[in-house]
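Asker: Fold the following, please.
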Amino acid sequence: MTSNPQITPAQADDAALQLEHEMVEIVRGELSMHEREAFEIAKAIVRGLRKRYGGLRIGGRGAAIYIPAPSKEERNEAIRRDFNGTNLQEVMAKHQIKRAQLYRILRNRPGSPGIGVASAASPKSPIPRQEMRQATQ
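Answerer: Have a look, this model is predicted:
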């Protein structure tokens, strides 16, 4: 097994899709399954391979198969789903990450405001408060 550091994220996604397609064909052919069921099984197999062997090229010359690593976002989403506020050690062990990395992942949720944005003062109204009070009375 060898690693393949020169693969871009887009290439890794393409490799994962190709691997899923190949697995669907194998499952359909070997088990005579309907495509929808074969697709679910193939997705599960590819997901497992990516978790266990992601980023590695497995096999000998000419017959090597590249297993793309799971995307960081997929991993981070799984970590956010697994963490319930009380299972810090369990999540760290399961995902093989350190405490600081777990906190960084939890802090950097997609769609959350960046540093400083949440604490920024809201813009002031151009109308003085006294005038606002008089207008509402």
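Asker: Which strands or helices does the longest helix seen in the chain pack on?
Answerer: The longest helix of the chain (DSSP state H) is helix 9-31. Other helices and strands packing on helix 9-31, by 3 or more C-beta pairs under 8 Å, 6 or more residues apart in numbering; DSSP states H and E, are helix 35-53, strand 65-67. No exception for glycine: its C-beta is placed from N, CA and C like everyone else's.
Asker: from those, which stretch is densest packed?
Answerer: strand 65-67 (a mean of 18; mean count of other C-beta atoms under 10 Å).
Asker: What strands line up against it, and which way round?
Answerer: In its sheet, strand 65-67 lies beside strand 56-58 (antiparallel), with partners assigned from DSSP bridges.
Asker: and the partner strand, how far from the chain's centre?
Answerer: 21 Å (C-alpha atoms, centre = their mean, to the nearest Å).
Asker: which SS state does Arg61 fall under?
Answerer: coil (DSSP: H, G, I helix; E, B strand; the rest coil).
Asker: ok so, going back, just tell me which of the helices and strands packed on helix 9-31 ends up closest to Asn76.
Answerer: helix 35-53 (13.8 Å; C-beta to C-beta).
Asker: give me the number of residues near the spatially closest residue to His34 that is not a sequence neighbour?
Answerer: Excluding the flanking residues, the one nearest His34 by C-beta to C-beta, 6 or more residues apart in numbering is Arg28, at 7.9 Å. Arg28 has 17 neighbours, counted by other C-beta atoms under 10 Å.
Asker: what's the closest of the helices and strands packed on helix 9-31 to Glu90?
Answerer: helix 35-53 (16.7 Å).
Asker: And that closest one, what does it pack against?
Answerer: helix 9-31, strand 65-67.
Asker: redo that, cut-off 10 Å
Answerer: helix 9-31, strand 65-67, helix 72-82 (3 or more C-beta pairs under 10 Å, 6 or more residues apart in numbering; DSSP states H and E).
Asker: and the ones you listed as JSON lines, adding mean pLDDT?
Answerer: Output for the helices and strands packed on helix 35-53, formatted as JSON lines (pLDDT from 0 to 100):
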{"stretch": "helix 9-31", "mean pLDDT": "87"}
{"stretch": "strand 65-67", "mean pLDDT": "81"}
{"stretch": "helix 72-82", "mean pLDDT": "87"}
